[in-house]
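> Dropping the sequence and predicted coords here.
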Amino acid sequence: MKVSVITVNFNTHKHLQMLLESIYAYPPGFDFEIIIVDNNSPDRGIVELESRFRKVKFLFLEKNLGFGYGCNQGAKLSKGEYLAFINPDISFVGNSLETMAGFLDVNLNAACTTGLLMNYEKKLQYSFNDFPDFKWMAMEAFGTGAENKVNRMLERPEIKNGTPFEIDWAHGACLVVRRNIFF
């Protein structure tokens, strides 16, 4: 098994449906599994998804012990070489999952990877950055300049030509991690 997609749900079954549809619209060319961990959602709409997506593994927790706990429970059930922790409000565009796994296949020194996040209008979202330095903290504190720096980051040449680049941190909305690093 190449990739285990792990998603934690709490009252997000409509978003979750779009995520599942996007994965199956662009299935990777390797074995993968999808594990949905429900954090005891009062909204039981997820039950409909369980009957609709029969290949997906659903784990229904009796207690909501938090997002991290849910991710760990999904990881314990997983069999993939790579663990893809994906928020339920993410939808994949094209073969994104295959691209991220392929990046890890080729870049053996990389522990994890992520994708670029876009909103529904396909506009890039702030989802990565360098580690903060004094200048960044000052811009944040005084409320000036930080937005310009973010906009410049989103215009990097690597983004425009579609080549991978190293970052210091990324939002956790879409993170693919090597199993042997995680455990």
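Cool, the structure landed.
> Around Gly94, count how many other residues there are.
Gly94 has 10 neighbouring residues, counting by other C-beta atoms under 10 Å. (C-beta placed from N, C-alpha, C; glycine too.)
> can you list the residues that contact the longest helix along the chain?
Secondary structure of the chain read by DSSP state H shows that its longest helix is helix 13-25. Helix 13-25 is touched from outside by 5, 7, 9, 34, 36, 41, 43, 45-46, 48-49, 52-53, 56, 86, 88-93, 97, with contacts defined as C-beta atoms under 8 Å, 6 or more residues apart in numbering.
> So which bits of stretch 78-95 are buried?
78, 80-88, 90-92 (16 or more other C-beta atoms under 10 Å).
> can you put those residues in a markdown table and add pLDDT and secondary structure?
Below are the buried residues of stretch 78-95 laid out as a markdown table (pLDDT from 0 to 100; DSSP: H, G, I helix; E, B strand; the rest coil):
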| residue | pLDDT | secondary structure |
| --- | --- | --- |
| Ser78 | 98 | coil |
| Gly80 | 98 | coil |
| Glu81 | 98 | coil |
| Tyr82 | 98 | strand |
| Leu83 | 98 | strand |
| Ala84 | 98 | strand |
| Phe85 | 98 | strand |
| Ile86 | 97 | strand |
| Asn87 | 96 | coil |
| Pro88 | 95 | coil |
| Ile90 | 91 | coil |
| Ser91 | 91 | coil |
| Phe92 | 91 | coil |
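> With just CA atoms, put the lowest-mean-pLDDT helix or strand in the chain into PDB.
One helix or strand of the chain scores below all others by mean pLDDT, DSSP states H and E: helix 146-153, with a mean of 71. Taking Å, rounded to 0.1, in the frame of the first residue of the first chain, the C-alpha atoms of helix 146-153 are listed here in PDB:
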ATOM      1  CA  ALA A 146       3.300  41.200   6.300                       C
ATOM      2  CA  GLU A 147       0.600  41.000   3.600                       C
ATOM      3  CA  ASN A 148       3.100  42.200   0.900                       C
ATOM      4  CA  LYS A 149       5.600  39.600   2.000                       C
ATOM      5  CA  VAL A 150       3.000  36.900   1.800                       C
ATOM      6  CA  ASN A 151       1.900  38.100  -1.700                       C
ATOM      7  CA  ARG A 152       5.600  38.000  -2.800                       C
ATOM      8  CA  MET A 153       6.000  34.400  -1.500                       C
END
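> Having no further points to raise, I will conclude here.
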